[in-house]
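Enquirer: Build me a structure from this.
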Amino acid sequence: MNIVSNLFRVTFFFYLFYIYYAYLRQPSEASYVQMAANVVTDYFIHFISFFILGIIAQLANNETNDFIFGLSLAIITSVFIEFIHFFLPFRSFDILEGILNILGCVSAIYLISYIRKQK
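Expert: Down below sits the predicted model:
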């Protein structure tokens, strides 16, 4: 395990915490995310957020796949976040957002894996 891999792992867990915080707290009326959703769709924001999570998870996972826990956690988080939205009164459940969460995470994992195989 090298130092770069460890830095990506620390970054992964910080970003994972941020994802949970951002997606489970009560949104404010005038937030940067709401302003961004006016420019691009909310679905695009979900895709990009979990695409970044997938990239960080796969970069933390070196070629020997010793961080498969992180990859699994990223995919499980993609599903779990939207499942929890069903129970929160200030959030709304949308199956398409959950699908885009998973798609963003998995596509980033495959993209990094493909780039590594090309080297």
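
Enquirer: immediately after the lowest-mean-pLDDT helix or strand in the chain, which helix or strand?
Expert: The helix or strand of the chain with the poorest confidence is helix 32-39; it has a mean of 66 (mean pLDDT, DSSP states H and E). Past helix 32-39, heading to the C-terminal end, the next element that is a helix or strand (DSSP states H and E) is helix 42-60.

Enquirer: same for that following helix, what does it pack against?
Expert: Packed against helix 42-60 by the contact rule (3 or more Cβ pairs under 8 Å, 6 or more residues apart in numbering; DSSP states H and E) you find helix 3-24, helix 32-39, helix 68-85, helix 95-118. Heads up, the C-betas are built off the backbone N, CA and C, glycines and all.

Enquirer: Worst mean pLDDT among the ones you listed?
Expert: Ranked by mean pLDDT, the helices and strands packed on helix 42-60 end with helix 32-39 in last place, scoring a mean of 66.

Enquirer: Next, give phi and psi for residue 88.
Expert: According to degrees, to the nearest 10, the main-chain angles of residue 88 amount to phi -90, psi 130.

Enquirer: what does the one 4 residues further on give?
Expert: For residue 92, the backbone dihedrals are phi -120, psi 140 (criterion: degrees, to the nearest 10).

Enquirer: Tell me how far the residue most central in space within the chain lies from residue 94.
Expert: Closest to where the C-alpha atoms of the chain average out (Cα atoms, centre = their mean) is residue 50, at 2.6 Å. Using Cβ to Cβ, to the nearest Å, one obtains 14 Å as the distance from residue 50 to residue 94.

Enquirer: how far away is the residue lying closest to residue 84 once chain neighbours are set aside from residue 18?
Expert: With Cβ to Cβ, 6 or more residues apart in numbering as the criterion, residue 84 has its nearest non-adjacent residue at 6.3 Å, and that residue is residue 24. Distance, residue 24 to residue 18, by Cβ to Cβ: 11 Å.
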